[in-house]
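Chemist: below are the sequence and a predicted model; questions follow.
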Amino acid sequence: MSSVEKADMTEEQVRAEESAQGADVYVHKFRKPFTWEGETYEELKFNFGGLTAADMEGVEDEMAADNRYAIIPEYSTAYVMRLAAKAAKVHISLLEHLPLYDGNIIRRKARAFFMSGE
């Protein structure tokens, strides 16, 4: 759904549309537009359901290359945010530079998704 279509909807309608997409998708709306490397973001869409086991392995490999290891991956902010970046199809540097308020919400949503399967 485009941002133009969403602009014509009430907040309740937008929430209903997002929940219809399922728990696998989370759309984060920034409190105020966020600009990174010349691009301004008003929202980011995370498709957690589109991730694969290969994505988990890839994140572990990326972290190991930086000498960073997640003992309990679901509780590691670095691990969870890297998977969230893959779910949003953005580079991790974008998420690393988010305002703390927005970054914390995204981290919690991602962690909740990963923990929901247990």
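Modeler: Thanks, I have it.

Chemist: sec struct for the nearest residue to P73 once chain neighbours are set aside, please.
Modeler: Once flanking residues are discounted, P73 sits nearest to Y79: 4.5 Å by C-beta to C-beta, 6 or more residues apart in numbering. Heads up, the C-betas are built off the backbone N, CA and C, glycines and all. Of the three states, Y79 takes helix under DSSP: H, G, I helix; E, B strand; the rest coil.

Chemist: surely Y79 meets D66?
Modeler: No: Y79 is not in contact with D66 according to C-beta atoms under 8 Å; the separation is 11.7 Å.

Chemist: out of those two, which sits in the busier spot?
Modeler: Y79 (24 against 8; other C-beta atoms under 10 Å).

Chemist: what score does the more buried one have for pLDDT?
Modeler: On the pLDDT scale, Y79 is placed at 96.

Chemist: which residues touch it?
Modeler: 59-60, 63, 70, 73 (C-beta atoms under 8 Å, 6 or more residues apart in numbering).

Chemist: same question, R111
Modeler: For R111, the contacting residues are 74-75, 80, by C-beta under 8 Å, 6+ apart.
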